[in-house]
Structures are given as C-alpha cells and as structure tokens.
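Enquirer: what would the 3D arrangement of this be:
(chains A and B)
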Amino acid sequence: MRIYLKFLLGTMLVLSALSCDKGFDEVNTNKINPTSLAPSLILNKAIISTTYLDGGSTLGMLSYNFGIVQQIITPYGSSLSGANYNQLNNGNAAAVWNNFYQNVLKQVVAAVDQTKDKPSENNTYQSARIWKAYSFMILTDNYGDIPYFEAGKGYIDQVVAPKYDAQQAIYKDILKELEEATAGFKTSDPPVVTDILYGGNVARWKKLGYSLMLRAAMRLTKVDPATAEAFVKKAVAGGLFESNDDNSIIRHTSIYNNYIANHLAAREKTNYYLAEPFVDYLKSNNDPRLSIFAVRHVGAKGGQEQTAARANSDPKVQIGMPMGYNDVSISATFAQKGVVSLWDYSQPNLNTVLKLDAPEFHVTYAQTQLLLAEAALRKWIPGDPATYYEKGIRANLEQMALYDAKATISEEAIKTYIASQAFVASKGFDQINTQYWVATFLDGNESVANFKRSGFPALKRNPYPGSELKNEDFIRRLPYPDGEIVVNSANMNEAVKRQGPNDMESRIWWDKK
Amino acid sequence: MTVLKGATAAALYGSRAKDGVVMITTKSGGRNKGFGVDYNMNFTTDTPLDFTDYQYEYGQGEGGKRPTTPNPTSGVWSFGEKFQPGMTQILFDNKTYPYEPVYNRIRKFYDIGTNLNNTLTVSNSGVNGGFSLSLSNAINHGIMPNNKFDRKIINLGFSQNITDKLVASGNVNYSLEKNINPPQLNTQDVSVATVIGTLANSMPFDALRDNTVLPNGDEFVFSRFLVRNNPYYSMAYKFENVNRNRIFGNIALKYNITDWLYVQGRIAEDFYVRNQEYNIPNGYAPIAKAPTGFVNGSYTQDIRQNIERNLDLIIGANRNFGKIGIDFTFGGNQRYARIDYNSVTVQDFVQPGLYTVMNGRIKDPLYSLSEKKINSLFGAATISYKDFLYLNLTARNDWFSTLAPANRSILYPSVTSSFVFSQALDNLPSWLNFGKLRAAYAQVGSDNVNPYSNALFYAVDNNPFPNPSGLSVPVGGINTSVVPNTNLRPLRIKEAEVGLELKVFDNKLGLDFAYYHKITEDQILAAQISNATSYNSKLINVGRSKNEGIELAVLFSPIKKGDFSWDINANVAYNTSKVLQLGLTASDTIITVASGGGRNLTQVVGKPIGQLYTFMYLRDSQGNKVFDQKSGLPLRNNVLQNVGSALPRYVGGITNTFTYKNISLSALIDFKLGHKMIAGRNTNFQRHGLSKRTLPGRDVGYVIGEGVNPNGEVNKTQVAVQPFYEAINPLGINEDWVSNAGFWKLRQLTLSYDATKHFSKKGFVKGLRVSAVANNVLMIKKWTENMDPEEALVSSDNAVGLDFWPGLPPTRSVGFNLNFKF
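Expert: Next up is the predicted model:
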C-alpha cells in the first residue's frame, strides 16, 4: 500500500514538473509574418493605396466627386446613386473616408511614427509627413472636421474613439507639417532608391512639399486670405514643380491596376458616361483633350453593342449625357441629343486616360502653374498671370502623353489651343479655375475641392427632380460614415455641433459663401 | 453517447468543454460477445421548401416598362408592367417570350437532394478482448443541382489484454471526403442562391438555361447588374472542389498496478489534409479583360494541413472502505495544434480553360502557419456513501500558449453533489419511485482567440512596384485591421446549478427540474472601433455577463396498457441574460460585434446579450414618417434604435411517442420564442421589386409616401415607383424587417418497427429494425416575412439575428433506415 502511494505521489510530481508553460513564447511567435518592415516600404504601400486598392472603393469618386463637378455621371440609382441625383448614398459617401483612414493613414502614420526619432531615416520621415499632410487634406476637404491629431492611432496609442478636430486647426497643422518637412530633408543622406514616388530624389520631394503647400494655402483664399498669401509666398520661395517631370504620379502597372479604369472596364462598364457640361465645354473650345478623354459607341442600343467597331473618339461625334436624369427619364433626351439609347452617350476613354495601367496624378506642374496664375492675379506674387496660365494649360496638354504615346498632343495643336484661350484678367478667376477643372479630370477630390473654393467653372445646378439638396445648388461636403454613428457618435456629434448637420450641405470651414 | 451538461464537464475535458460535452464512445469490440455483423442503411431525400411570398402582378422590367428589346437587360428587376394576357417580352437573348409570371422558382430550379449512407460493421471478441471494424459510405446529392458530397470512413476499434495487468486499446479512423461545388452563399458574385432569390418574376428558366455563354466563350450577360450571374452559367463554368483526407484516433495503454490503482497513457491524433480549388471563369463579365495574350479569370489552389495531438497520462485509484467509496484520478494533458496553409491564387491565363497555377499571369502565393499548445493538470475525486450520496470534486489548471505570459495560467475547480433521497430515506410515500437532489458549482477557463493575437504583423506584397527609373522595388505594410492585444486573459465561466429529479406513480410521471446561474467573464471579442483609428476592431476581454434560467423536463406516460403505450416527453428551457460590464474602459456601456447595411449586433450593459440595432424611418412627434420635400424619399432617423434581443428566451419541444408491440410512432413539435431578428433579405426583395410591399403606387406609376414633410405638412411629393422602393437599401433602414424570430415547427415524425423477434437467435439474420423519419415536416407558426427564421445565413454568436442575402432554401427530409444484425 505504501509503495503504491509513493508511486501515486511520484507520478503527480512528474506531471506537475512537466505541465507548465515552457516554450510557449516560442510557440506563440509568428514565424511567417514580420513584426516590422523598412519604413520606406510602408510609405510605398501608403502611396499605392492612395489611388484605391479595388474597384468598389472607387465608387466614391465615380458616384460623388466626378458627378459633383459634372464630368462623369451615371443615370443609375440604388447602389450607384450619389451626385447624379444629389442624394445620400451612405456606402459611396464613405468610400474616401474608408480608404484613406484604413489603407493610407494606417501605413503612413506607422511610417511617420517609426522614423521620427531616427536620423538615419530622416528623408523617409519627411516624405511620410508630406504624404500624411496630403492624405489628411483630401479627407478634410471632403468631410470637414475629422479625426486628425488622434487618427490612425488605434495601435500606436490605442485610441479607439478619436476626437474630431476643427478644420481650421487641421489646416494650420498641415501647413506647419509641410513647412517643417520641406525644410527637414537632408540632401547629404544617401537616396532612398526604394521610394516608388521619386526614387529617393530629395529635390523632387521638396518641390512636392512646396507645391502641396501652395495648394493648401490657396484653399484658404476665402476664409483666411492673410494666411493664404503668407504661405503662397513661402511655397514660391521654397521652390515648386518646374516641369511635368516633377509631377507626383502613381504609375499603375498590369498588376497594380488603375482601379477606376478596372471598375469601368468591367463591373460598371456600361453604367458611367461623360457629362454634358464637360463634353460641351471641351467641344466648344475645340479642346484637343476631348478626343483623349472621350469615346462614343455610336449607335449602341445596349451594353452589348458597345463594341470596338462602334468606338469613336472623334471630338465632333461626342455627346455628353445631360445632367438630371435617371435611367428611365433619360430616354426623353435621346431624340433631342441625337443618340439612340443611353448607351450611345460618350464615355471616358478606356484606351487612354483609363487604360488598366493608366497613371494617376496626385499633384501636377499644370495645377501648380494655374494656382500661381490665380495668386499672381491676386497680386500675392510677382509676374504676369497670363504667363502662368498659359504654362499651366501647356503643361496639362503635354501631360497627356504620359497616358499613352498615342495621346500625345502635337506642338501645333498646343499652340493653336493656347492662342484660342487668351487670358483676360477680368475673367481671370473663371478662366484659370475652369482650366484647373479640366486639369484635374479623374482626380475627383482635387477637382471638387477647387470647384467649391473658386466657384468655377460656373456649372449649373443639377436639375434632377429628386434632389435632396435644400439650400445649396451643389453638394458641399460628404456626410460621415454610418460606422461613426455606431462606434464614435459622441465625438462625431461634437463635430456636428460645430460644423452643422451631418448632411451634404453643411459648409466646411474654408468653404465660405 | 454521454452528454455532460455545462461547465461541470470541464475538469476532465478542459476548455473545449465550456459549452458542455457530447462524448461519443466508439466501439472497441467489447468482451465475450463473439462474432457479429451489423448492417445499417439510411436513405433520405431533401425537398426544398419555399417560404417566399413574392408579387406576381407586375413582371420583369425597370421603371414600369417591360423589356421590349434585348436591352435593357433587367434580369433581376421586377419593376415592369402589369401582366396582361397575350403580352410578350424580348429578353437578353433577343428572343420573344410570353410576359407572364414564372411561379415556383425554388421547386423549378433546385433538385430534390438525396443522402444514402451504408455502414457495415463486423466485430469479434473473446476473453482477452476484441475488435470492431466498420466501413461506411455516404453518397449525397445536394439540392443545388451541381453539388455532390461523398464520404467514406473506415473505423477500427480494439481492446486487448497484453498481460493480466496491461491492456491496450485504441480506435483508428480514416475518412475520405469529397465535396463538389459546395454552394456559394452570403455573397453576390456567382452565388446561385442569391440570384434565384432575386431573379425577376417573369424570367423563363429556359432562356437562362439556353444562353450561358456567347460564341466567343464570354459570359452571356442577362442583367445589367453584372454580379447577378446567370445561375446556369455559374453552375457550368464556376467550379469548386474540396477534398479532405483525415486520419484520427487514439491508442491507450492501461496498466493495473493493483486491483484499485491504475495508470494510463494515451496518445490521440487528428490529422487531415484538405485540398481546395476554385475558379472565376474565363470570360467572366464583372472583371476587366486581361492584357493582350491572356484571358481573364482566376484560380485558387489551397492546401491546408491540420494536426491536433493530445497526450495524456492519468493515474487513477478506486477503493471502497465499507460504505464509503473513493474514486480518484489525477492526470496531465498536453494539446498541440498546428495548421499549415498554402494557397496560390492566379489571375488571367495563357491557355483558356486550363485552370492551373502555372498557367496564370499574376501569381499571389500565401503561406501561413499557426501553432498553439495547451498544457493541463487535473485531478478529480468522487466520494460516495452507500450509493445514495455522492460528492465529486475536480480541479484543473490550464496553460494557454495564445495568451499573455502573465495570464496564461488558469485554475478552475468544480464541486458536484447528489443525494438520491428515495434510497436514503425510509418512510417515503409509496407513489414516490425515485428522487434525487443535485447541486453543482463549476468553473471553466478557455482561450477563445487565435494564435499570435498579441502582436501587429506586416506583410510584403507579392509583387514589386517600379520606381521612377523602372527599378522594381518592394512594397509592404501592416496587414491587419484588428488591433492586437498583448494582455489577453483567459475567459472564465462560473456556473452554479441545482436540480431535482423525480419519478412518481409507478414511474408514469417523471420530472427533471434545474435552475442555473452562469457568469461569463473576460470573453475575448473583436469589438468594432472607429475606423478613423485605421482599424476596424480591437481584441478585448469584455467584462462580465450573466445567464440565468430554468430547465424543466416532464416525462408522462398517460397510457400503458398491455402492448400499447403513450409517452409524452416535454421540455422547456427559459433563459435570461444580462451584460453586467463591458470592455475597454469603465464608461463603455456598448460594443458592436457585427454591423453592415444598417444592421448591428451589439452588447449593451444592463440588457440581455445580443441586442439588435438598426436605423428607423424619421418620424415626427406624432409618429408620422417624414419624407424629403423635394425627392419625396423617406428620411432616416440618424440615431440607431434598439429593436430587441437576438437570443431566444424560450426553447423547448414536445415529443409524443406511441408504441404498440414493436411499432412506435413519435412526433416532435419544437419551438424557440422570445427573440427578434432583422430579416434583411427583404431589403433585396424590395429593391428588386419582388416584395408585395412594392405594389402600392404601381398602377399610377408613382408613390406618395404616407406621412409628412420636414415642415410638418402632409407629404404630397410623388416619387417614381422603383426609386422609392430602392431608397431604403443605401439608407440602411431595416425597420420593416425587424421581426419576431420565434417559430413552432413539427420538427420530426418517426415510425419504427423492430422485427427482431421474428428472427431466430440461431439463424443467419438475428435482428432487423426499420424506421421511417421525416424532418422539418411543417411550419406551424412563424412571423418572419419571405423566410424561415432559421434560414438566416449567419448563425454564429457574433452575427445572430442578422440576415441579408437569400440563401439555400430550407429542406424537408424524408427517409428510412434499415438495420440488420447477423
């Protein structure tokens, strides 16, 4: 009996010694995925994500931004509704928010955080700050007051319900960030060649920083002209883009597609059209860009009839879809406009500006020159506005070659067109910003922001009978996503109290009447 | 089969037993039974049931027009014209069809499923042990016409005395599963079930069947809604194959040191390899064309290898000291689980129709490895006195590799006692045949979280990106949307239960009553957080919740005369729950665990577990709906509203069994009551014009929403029919679909006949039993629109009560079972 008890106790002791948590740290270590990466690769991911990672997310652009500025619209409703009807579509209105917070800022905030105290990563740090400023500008221009100082910090600072900051404070910080980042680059450091935007070319990053500073400063022309003027001067003194070679471009590939193109080439192929005001403007000005932007499947009576054989990019045959119709009521326009069906209207060209690997532009030399033209017109900077204006137009015409060799506009055509667009100071704001409107085609965020700020081109109110707009002619902002009502309503409601109802009409801080 | 209820099962089975244990003891051949053969055959058919109640007054089309040219390709919209005799429609194939309702889509499209299962068992046993070998073969055809599922299992069980004191036993199984085209559910693309649910009500099935691809092989688009694919196209060109080879079983050695003391070692392994492949077909319309030289489409090949290994050593003692018996067990267990996952997805192909990873243009490989270990020590002691008083004490300590080092270890005890007073006490009335009181208190710990949830990980993209000088440079970043938690604690459940079991009046009436009270602490959940944090959710231990309830089972035999008996078995459970404390900070009183399309499942302090929230129509102070003055569309109340609890309060069933000689007939009626759901698929039926709710206004071509405008005046704004009914989807208003999720069903009918007595014990056939079974026989009562409340696609705890896409229809199964003994 005693010997058995000893055995019993002995076994228990052996078991007790074995069963603990020896080696558990090793077991619970992920041997496949790294817990860190070089910050420049993370910044690369942020830059790629800026122009969307899938087709569905581009519906924010397609249904709201492009429609607000009346360049691309759809007659269809339900999940595609937006600026075409001036109605609220929560899914599409949230697309910019979701992409920028979840995909862009997640990476760029991490890149900033991981480089801020590392002198060896200084240039990546400054680049990441510039990209962060650019990303937040897009968010705040669309939504107004947004989480800024506490945003993107779910992991870093464990912030689960970030506070909303006033747009005024956000812009102040964006300008400060751009000023510090541009000044912080060190040309003596070895170039970060793994940088996808500029291959580590610090001079170009600095020019991007100052060009963005110019863009941010010009946003404030109505609300705070003094700050605007001061920062325009700082930007000019710092050094802006000097040619199309400096442009900030994402060069999509057959693997990393242009997702607006991808979505329009497939799932929404027969659903989006060039809007009449855009086509008419280009047509009446004999704009050489029209044949690059547009294609019409002449005589198509249905989606299946949009065949290559019918495709025609001749400017003369282009017919833009009129604003204000749905897929049923649009049939009333066919006879008058000279089309046989809604599928017969002009569409964005999938062989040039929306090839699957067509580049997308974040900030361009053309836009910078046009902003300078306005600054010169305001007499904030020296020089003749007409010169900047012509340079801006030329730069955008020349930029077309970057889409495709066959989209190159001849020097002769460029000269003819510029000659036809003589600058008249009294119409200067209209001329400059209407050109800016064309020069931001397919960059819906920038196009909408500048249209809201400048009021040009003088578009007519979308006459759709079911519009939900009460006091405004155009959508002034996008509402916060439903997710925020669900999990961050206290902070969101503070912003609503400050800014006005969470609808499409409350004006954001810089968008003064 | 043994069912161990609740947490008291946990000491021996550990964290896996937190919801109770169903222990299936497999045959090991037994002792001294000699040679035996058993053959069992089971055959059932599954008939799809149709709970839809669509409108068949207005047919296919949009904007009040029927298709009169091959375009517009409406296909999935029933906002056309009123059916009139002699009307025709021209469909996507440019052919003319009568414009008439197509009824019974469920029965027309789906097959009657069949399940055939044959099992043959041979066994032999003698004085030193025995074995049992069984072969089973299941052949199933799903109701989805291209779905098949086969499974073959070989099982060998044995037990053998090696010496007087050493016994070896074991059980080994090999199974081979082949699942061809499991239905695509809860999605849009190539989901046949979604399309059948939303198909226009005048779409002839012939038109779809005859026109799946164009002459060039591309998908023949039948609806401008490109991700509503022709079901016959999806079935013919989209494939998915899942094969699983699995070996599982255990081997144990038990050494009886003396007649009261033994030691046993056991190794158990579950190993399987699961191969899965699926495609998106070449020429699929909703994805972009491939670059020159390639055709579009995609193909994925997955291999998953799964290992779960358990090692345990138990020492046990069992002695009687007069009236007192002691049973004592002490042991240790080590559980190791590993999953290796290899997957390659390729996109665009060189050779059309050749779905291989080598033939693809863009290749995206993925490999993941997940490992976890749980070490445990446990002890159990049962003390009995005279067969009527029992006391059982257990304790178990688990160490979880998935949790933070400081929180890895958890010790949890249990105490169970029972007192059979009908045996212990004399002078009890004679009508009392049996009486037992029991009381138990138990705890269980668990780590309900995946390995590596404690850190943030990055991933390098599979493909580099060219920098401005054309150099391919790498891209990578954070690859999760869940904030990890470095400080997770194990979940702990504390449960107390008291029960009373009685049998009275010659065992004619039996009663089993239980009351339980359960506290769950530190459950690990991914709580939704603001996505302005750059993440969607955060892993947290979510405080405390309480479950409390009673369970009552009554067995009553009203008639027992000669060969005839009637038995009634009724049981009902009433459960209430309450969230006591939540999450991240003390001020957190609400967390969202699932949300989408305005449908949310949340936990709220002070309310029962699983609260449903959705957006409602905006209403004025008198309760009138408010419509936008200009668009005439309904406006939304932007504050999410609580619409009830998703978990039933009452669950139960009543079985009536009639037995005459060897024939027995039983019927089970069951119910779940006292809970809500959001039958969100009705949003789809409404936006597609199938719901009867879309009829008002069709005759005049517009709708004037009944209510007021924001100025308080009666709404007079006309809206076209289709946009009016489509409006709720993008707004996320699900008010109309909030429904009582309860039901009463005639769940099962069984008729069985035991013919054993007709066979001689010495003959070739020694026994025969035949039974016929029907399941899901009749819906007696439900409240949900266009669906069976049990049909909701997602039934996991984290999404209960939510629903959006129509899924496979529920089925009624009818079949028979034959069991021969030789």
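Enquirer: please see if stretch A:243-254 touches chain B.
Expert: Yes. Using Cβ under 8 Å from any Cβ of the partner chain, stretch A:243-254 reaches chain B at A:251, A:253-254. Quick note: C-beta positions are derived from backbone N, CA and C, even for glycine.
Enquirer: cool, stretch A:471-487 as well?
Expert: Yes. Legend: contact between stretch A:471-487 and chain B by Cβ under 8 Å from any Cβ is shown at A:481-487.
Enquirer: ends of that stretch, what's the gap?
Expert: 30 Å (Cα to Cα, to the nearest Å).
Enquirer: and if you look at stretch B:706-713?
Expert: Across stretch B:706-713, first to last residue, Cα to Cα, it's 11 Å.
Enquirer: so which bits of that stretch are buried?
Expert: Across stretch B:706-713, burial judged by 16 or more other Cβ atoms under 10 Å in any protein chain shown covers B:707-709.
Enquirer: what's the answer for stretch B:468-485, then?
Expert: B:468, B:473-485.
Enquirer: among those, which ones lie close to chain A?
Expert: Within the buried residues of stretch B:468-485, those near chain A by Cβ under 8 Å from any Cβ are B:468, B:473-479, B:481, B:483-484.
Enquirer: for chain A, state which of those residues is nearest.
Expert: B:Gly477 (3.5 Å; Cβ to the nearest Cβ).
Enquirer: residues in contact with B:Gly75?
Expert: B:60, B:92, B:199-200, B:203, B:222-225, B:228 (Cβ atoms under 8 Å, 6 or more residues apart in numbering or on different chains).
Enquirer: just the pLDDT at it, thanks.
Expert: On the pLDDT scale, B:Gly75 is placed at 92.
Enquirer: before we move on, which element is it in?
Expert: Using DSSP states H and E, B:Gly75 is not contained in any helix or strand.
Enquirer: just say helix, strand or coil for A:Arg204.
Expert: helix (DSSP: H, G, I helix; E, B strand; the rest coil).
Enquirer: can you redo the buried residues of stretch B:468-485 as TSV with secondary structure and pLDDT?
Expert: Converted to TSV, these look like this (DSSP: H, G, I helix; E, B strand; the rest coil; pLDDT from 0 to 100):
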residue	secondary structure	pLDDT
B:Pro468	coil	92
B:Val473	strand	95
B:Pro474	coil	95
B:Val475	coil	96
B:Gly476	strand	96
B:Gly477	strand	96
B:Ile478	strand	96
B:Asn479	coil	93
B:Thr480	coil	94
B:Ser481	coil	94
B:Val482	strand	95
B:Val483	strand	95
B:Pro484	coil	95
B:Asn485	coil	92
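Enquirer: quick one: low-confidence residue ranges for chain B.
Expert: Residues of chain B meeting the criterion pLDDT under 70: B:1-32, B:72, B:583-587, B:793-798.
Enquirer: next up, the contacts around the nearest residue to B:Pro468 once chain neighbours are set aside.
Expert: Among residues not flanking B:Pro468 along the chain, A:Gly199 sits closest, at 4.8 Å (Cβ to Cβ, 6 or more residues apart in numbering or on different chains). Contact analysis of A:Gly199 by Cβ under 8 Å, 6+ apart lists A:191, A:193, B:467-469, B:471.
Enquirer: will you turn those residues into CSV that also has secondary structure and distance to A:Pro119?
Expert: Shown next, in CSV, are the contacts of A:Gly199 (DSSP: H, G, I helix; E, B strand; the rest coil; distance: Cβ to Cβ, whole Å):
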residue, secondary structure, distance to A:Pro119
A:Pro191, coil, 16
A:Val193, coil, 19
B:Asn467, coil, 24
B:Pro468, coil, 26
B:Ser469, coil, 26
B:Leu471, coil, 25
